[in-house]
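S.K.: For reference, the sequence and a predicted model appear below.
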Amino acid sequence: MELFLPKSYDIVWSLIILVIVAAFFYKFFLPKFQAIFDERAAKIEGGIAKAEQAQKDANEAKEKYEAQLSNARVEAAKIRDDARAEASHIIADARSRAETEAAQVTANAQRSIESQQQQALVSLKGEVGVIATALAGKILGAKLQDGDVQSSMIDSLINDLDKDKAE
Amino acid sequence: MIDAVHSLTLAGATQPEYPSVDDFLPDPFVFANTPFAINRIILVRIIATIIMLLVLGITAKKAKLIPGRWQGAVEWLIEFVRDSIVYQVMGEERGRRYVPMITTVFCTLLVFNLCGIIPGMNIAASATITLPLVFAMWCFFQYWIAGIREKGLGHFLRDELFPKGVPWPIYILLSPIQLLELLIIRPFSLTIRLFANMVSGHLILALCLSATQFFLIDVENKLLAPYGVVTFAAGMFMFLFEALVACLQAYIFAILTTAYINMSYPEAD
């Protein structure tokens, strides 16, 4: 029965210890851990918000990038088309220039041939005339000293030559 | 006959050193006959308190945002008391006020009860009638204060002594019982339950271990040794069982304290 009768010193020590541990838990231990829990919760919430922000930023960047990419694609296509048009233009230009030049060259050649031919003809005519005159002179002697006879003779001679050539 | 027993005792132990209730009434060894006398159990209690405050205090001091294993375990304990005991019984809004109290009760009683199986201490620091009584009185004041604050004294007593939905003649029987319950039964059932558990646990465990010591080592007739093995096995079982009881009684004390305080609050609509 003595077991169930509180002793005064037991009461004192039990109360002292109760007050000490209660003060410890109320004033230090639990507030400290509550602060840790709150801080952690805030950190986690902040982290989630930050992650959401980062996700949003990433999406925005992606959209921007894709828009830029499609812009770039359109631009590239345009540049390609331009280049192609330019190229065909250049080719056409070059071709027409070449053709013109070729035509010019041909024409020049033609002209020079013609003039040379003319020159040759003229010089030939002169030389043939001289030779023929000399020849005829040798053959006919003084008979042909008269200029009119001489030129008419040469003309008929050339006509004959032309006729021969035509035949 | 007495001489024979006496001579045998001198020659060697004839029986185990049985534990007795005197284990719970050790003589004070300092400050005897003053209110500050300290005996073995109070010394155990003081040491247990110092160790608990140091360990938990250092843990709280060093507590970091990202907990290590030990801090995680301590936090688990705090959250267990808060969520599984207080909020479970009272709900969060009402319970917040009592979380520190119930944490104090649970942690302190858990540590004190566990002293019963710590070698060298070997007796629960809660194993005098006074310590459970002090905690029970704290609970007692808290539920009276809560009742008077929430309902007013008259209304609180009317609710407690004359529960609604009972035919009036029953009140003749019921009301005194309710009053007794409110004044005596609640605190004393808390006290006796914890104290008796600590006493009986210590007695059985000490009995098993002293019998083991006696039959395996002290006794001269070694034929009794197998019996010592049995008592050792029983001692081991009781050791583990006492560990369970220590936790369970701390939990029961805490949850009943919470429930008693909660009863003082008006019924939730």
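M.R.: Done, it's in.

S.K.: contacts and neighbour counts: CA atoms only from here.
M.R.: Fine.

S.K.: Now do the helices in the chain.
M.R.: Picking chain A for this. A:8-23, A:30-140, A:147-166 (DSSP state H).

S.K.: Hmm, no, I was thinking of chain B.
M.R.: When secondary structure is read from DSSP H, chain B shows helices at B:2-11, B:40-61, B:69-79, B:88-90, B:92-95, B:99-114, B:130-151, B:153-161, B:168-180, B:186-213, B:225-263.

S.K.: before we move on, back to that, of all the helices of chain A, which lies closest to residue B:54?
M.R.: Ranking those by their distance to residue B:54 (criterion: CA to CA) puts helix A:8-23 first, at 11.2 Å.

S.K.: which regions of the chain lie under the pLDDT threshold?
M.R.: With no chain named, the answer covers chain A. Counting by pLDDT under 70, chain A has low-confidence residues at A:1, A:139-147, A:167.

S.K.: that answer is for a different chain, and I need it for chain B
M.R.: Within chain B, the stretches falling below the threshold (pLDDT under 70) are B:1-13, B:268-269.

S.K.: List, one by one, the residues from it near chain A.
M.R.: Counting by CA under 8 Å from any CA of the partner chain, the positions of chain B adjacent to chain A are B:21, B:24-25, B:34-38, B:42, B:46, B:49, B:53, B:56-57, B:60-61, B:63-65, B:75, B:100-101, B:103-104, B:108, B:128-131, B:134-135.

S.K.: For chain B, give me its nearest residue in chain A.
M.R.: Of the residues in chain A, the one nearest chain B is residue A:9, at a distance of 4.1 Å by CA to the nearest CA.

S.K.: contacting residues for that residue?
M.R.: With contacts defined as CA atoms under 8 Å, 6 or more residues apart in numbering or on different chains, residue A:9 is in contact with B:34, B:35, B:36, B:37, B:38.

S.K.: Residue A:24 too?
M.R.: Neighbour list for residue A:24: residue B:53 [criterion: CA under 8 Å, 6+ apart].

S.K.: before we move on, the earlier item: apart from its chain neighbours, what residue comes closest to the residue of chain A closest to chain B?
M.R.: When the adjacent residues along the chain are set aside, residue A:9 lies closest to residue B:35, with 4.1 Å between them (CA to CA, 6 or more residues apart in numbering or on different chains).

S.K.: Residue B:44 too?
M.R.: With CA to CA, 6+ apart, the residue lying closest to residue B:44 is residue B:125, at 5.8 Å.

S.K.: on that earlier part again, mind putting the helices of chain A in CSV, distance to residue B:175 included?
M.R.: Converted to CSV, the helices of chain A look like this (distance: least, CA to CA, whole Å):
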stretch, distance to residue B:175
helix A:8-23, 32
helix A:30-140, 40
helix A:147-166, 163
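
S.K.: that older thread, ok, the residue nearest to residue B:44 - how many residues close by?
M.R.: Neighbour count for residue B:125, taken as other CA atoms under 10 Å in any protein chain shown: 29.

S.K.: Same check on the one 4 residues further on?
M.R.: For residue B:129, the count of nearby residues is 24 (other CA under 10 Å).

S.K.: What distance do you get for it to residue B:221?
M.R.: 41 Å (CA to CA, to the nearest Å).

S.K.: residues contacting residue 48?
M.R.: Went with chain A since none was named. Neighbouring residues of residue A:48 by CA under 8 Å, 6+ apart: there are none.

S.K.: To clarify, I was referring to chain B.
M.R.: Going by CA under 8 Å, 6+ apart, residue B:48 touches B:111, B:112, B:115, B:125.

S.K.: Closest one of those residues to residue B:192?
M.R.: Using CA to CA, residue B:125 is the member of the contacts of residue B:48 that sits closest to residue B:192, with 14.9 Å.

S.K.: For that closest one, give me phi and psi.
M.R.: phi -70, psi -20 (degrees, to the nearest 10).

S.K.: That one contacts residue B:108, doesn't it?
M.R.: No. If you go by CA atoms under 8 Å, residue B:125 and residue B:108 don't touch, sitting 9.7 Å apart.

S.K.: quick one on the thing from earlier: what about the contacts of residue A:9, which one has the most neighbours?
M.R.: residue B:38 (23 neighbours).

S.K.: picking that back up, now, of the helices of chain A, which is deepest in the fold?
M.R.: Stretch with highest mean neighbour count among the helices of chain A: helix A:8-23 (a mean of 18; mean count of other CA atoms under 10 Å in any protein chain shown).

S.K.: and the angle from that helix to helix B:40-61?
M.R.: Direction vectors for helix A:8-23 and helix B:40-61, defined by axes from the mean of the first three to the mean of the last three CA atoms, to 10 degrees, enclose an angle of 10 degrees.

S.K.: picking that back up, nearest to residue B:155, of the helices of chain A?
M.R.: helix A:8-23 (30.4 Å).

S.K.: quick one: contacts of stretch B:24-37?
M.R.: A:3, A:8-10, A:12-13, B:38-41, B:127-128, B:199.

S.K.: now the end-to-end length of that stretch.
M.R.: Taking CA to CA, the first and last residues of stretch B:24-37 lie 15 Å apart.

S.K.: Pull the distance from that stretch to the chain's centre.
M.R.: Computed by CA atoms, centre = their mean, to the nearest Å, the chain-centroid distance of stretch B:24-37 equals 22 Å.

S.K.: can you check stretch A:150-165 too?
M.R.: Distance of stretch A:150-165 from its chain centroid, counting by CA atoms, centre = their mean, is 70 Å.

S.K.: Count the residues that sit near the closest residue to residue B:117 other than its chain neighbours.
M.R.: In space, residue B:117 comes closest to residue B:239 once its chain neighbours are excluded; the distance is 6.5 Å by CA to CA, 6+ apart. For residue B:239, the number of neighbouring residues by other CA under 10 Å comes to 22.
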